[in-house]
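K.L.:
Give me the fold of what follows.
(chains A, B, C and D)
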Protein chains: 4
Amino acid sequence: MEYKTVIYSRHYECDAYGHVNNAVYLNYLEHARGEFLKEIGFDYKGFVDAGYGVYVIKISISYKNSALPEDKLDIYTTLAKRRSASGTFNQVIKRDNDIICEAEVTWASIGTDGKMSPIPKEWDVPGLHI
Amino acid sequence: MEYKTVIYSRHYECDAYGHVNNAVYLNYLEHARGEFLKEIGFDYKGFVDAGYGVYVIKISISYKNSALPEDKLDIYTTLAKRRSASGTFNQVIKRDNDIICEAEVTWASIGTDGKMSPIPKEWDVPGLHI
Amino acid sequence: MEYKTVIYSRHYECDAYGHVNNAVYLNYLEHARGEFLKEIGFDYKGFVDAGYGVYVIKISISYKNSALPEDKLDIYTTLAKRRSASGTFNQVIKRDNDIICEAEVTWASIGTDGKMSPIPKEWDVPGLHI
Amino acid sequence: MEYKTVIYSRHYECDAYGHVNNAVYLNYLEHARGEFLKEIGFDYKGFVDAGYGVYVIKISISYKNSALPEDKLDIYTTLAKRRSASGTFNQVIKRDNDIICEAEVTWASIGTDGKMSPIPKEWDVPGLHI
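P.N.:
Residues are numbered from 1 along each chain as shown, chains lettered A, B, ... in the order given. Take a look at the predicted model:
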């Protein structure tokens, strides 16, 4: 499943060169992953309230073009890899047909003891499987 | 008591015009108030852990000059008014002798019932009196 | 004219207490004023390219309630006062019927010499008059 | 050469979980690279004013531990690879002996025609060679 979210860049997210700051794309990608999780019915709040956690452990991001203020940005999120206690999202931000950046985001799930641990079955919804 | 904190503006805090973004100064002022509270020995974490709270209810800020990336900024914080359950800080950000901005920041203290309530005596340290 | 913009708060705009950070509202208000200016046909980019400028000189903001992640926020922007070389916006951010914050934002227009100066007629569109 | 910069995390840089937000580390790393460039005598402003540019084209960052508000963070920056028109920094953020995150940051230099191009000799200071 490829999930698409739209976000509009804002003036105050741009740096002194008038480009969206490199760090801000990580915010956009985080926002898009949150939307993806809602779309597949993953109850993130409940999961955290039950003592579990999901942490991002690695991000690789390639910057291809600069986004400008008020650009309409399409963010495409796909779950590309999945193991019992971790997984990797591929995410692409595009402005029309131009790729702004591409990212691989690897996460790990954490049990109530704070150690890496498989997502319990009741939370491991179909959308988290490839 | 006037308390002075130094902060250096960073490139990524500047907007497309190369000036520190207007909202960022509120972050600087918040940082300086935190330093002020540490200086006077107010145990903010303990206060919050005990169920109390302090909220900013009003900020009036006048912008006089623009700060640029890597400016050394001196922030002067003074408790200007004090009532039992609220108070007002005066804060000035300067670069050398130039005023960048001046602010009045009014806060209220909240009891364990979430309503406005005087700061309990054990927390109401001398530095919170004028 | 009252202009309404909608913005959704994002997780990464919240602080350690799970509330939208006080400084972030200034970003939201700036965004809404930009939308207001587009709505009334004020060519901000052209204005700046021609050597003029508009600067915010004062903001007074009262915080009434805290916004949470993913809140739908309605921002209402009205030009409340207008003089030849300055003006004041009233802005209110609401979540449904709850007021999150209210602000008065005063701006000044600057001529090509960098000094406060009336907005030239060709830029002074009807929407900038009350 | 390994260059060390110190930065203190600020409350407003933390997310709803009380941890420094993942995107904020990219800001810290950018800040540290700027300090590195100053240390080696690279005149970034002059370089940009002369029509050249340096862009980050890829960042790979691994998150090991979470930083908390007011942590003293040591950022170590090393130029790990160098080609005529590009290079890679290794950067590590530590709190005492704990690694917070490790990053590889690849950049490319751009000529006055906007295309990837070697850094002109007068700008290619010794500190940019390994």
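K.L.:
residues from chain A in reach of chain B?
P.N.:
When proximity is defined by C-beta under 8 Å from any C-beta of the partner chain, chain A lies next to chain B at A:11-12, A:14-18, A:21, A:23, A:69. To be clear about C-beta, it is placed using only N, CA and C from the backbone, and glycine gets the same treatment.
K.L.:
Can you spell out which helices and strands pack onto the worst-scoring helix or strand of chain A on mean pLDDT?
P.N.:
Within chain A, no helix or strand scores below helix A:44-49, which has a mean of 90 by mean pLDDT, DSSP states H and E. Helices and strands touching helix A:44-49, by 3 or more C-beta pairs under 8 Å, 6 or more residues apart in numbering or on different chains; DSSP states H and E, are helix A:22-39, strand A:53-63.
K.L.:
Measure how buried A:Asp98 is and give me the count.
P.N.:
Neighbours of A:Asp98 under the rule other C-beta atoms under 10 Å in any protein chain shown: 11.
K.L.:
again with A:Phe89
P.N.:
With other C-beta under 10 Å as criterion, A:Phe89 counts 22.
K.L.:
which parts of chain A sit against chain D?
P.N.:
Residues of chain A lying near chain D (C-beta under 8 Å from any C-beta): A:21-24, A:26-27, A:30, A:55-63.
K.L.:
Can you select the buried ones among those for me in PyMOL?
P.N.:
Buried members of those, defined by 16 or more other C-beta atoms under 10 Å in any protein chain shown, are picked up in PyMOL with:
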select buried, chain A and resi 21+22+23+24+26+27+30+55+56+57+58+59+60+61+62+63
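K.L.:
which one of the residues of chain A next to chain D sits closest to B:Pro118?
P.N.:
The nearest member of these to B:Pro118, counting by C-beta to C-beta, is A:Asn27 at 39.3 Å.
K.L.:
if I look at the closest one, how far off is B:Gln91?
P.N.:
28 Å (C-beta to C-beta, to the nearest Å).
K.L.:
picking up where we left off before, tell me which residues of the least confident helix or strand of chain A come out buried.
P.N.:
A:44, A:47.
K.L.:
Please give me every residue in contact with the most centrally placed residue in chain A.
P.N.:
The centroid of chain A falls nearest to A:Arg33 when counting by C-alpha atoms, centre = their mean (3.3 Å). The contact partners of A:Arg33, taken as C-beta atoms under 8 Å, 6 or more residues apart in numbering or on different chains, are A:77, A:89, A:91, A:105.
K.L.:
Just the closest of those residues to chain D, please.
P.N.:
A:Val105 (9.5 Å; C-beta to the nearest C-beta).
K.L.:
Near chain C, which residues of chain A are found?
P.N.:
A:10-12, A:27, A:30-31, A:34.
K.L.:
What is the nearest of those to B:Arg82?
P.N.:
A:Tyr12 (34.0 Å).
K.L.:
so the closest one sits in a strand?
P.N.:
No. A:Tyr12: not assigned to a strand; according to DSSP: H, G, I helix; E, B strand; the rest coil it is helix.
K.L.:
my guess is it contacts C:Asn27, does it?
P.N.:
Yes. The pair A:Tyr12 and C:Asn27 qualifies as a contact (C-beta atoms under 8 Å) at a distance of 4.7 Å.
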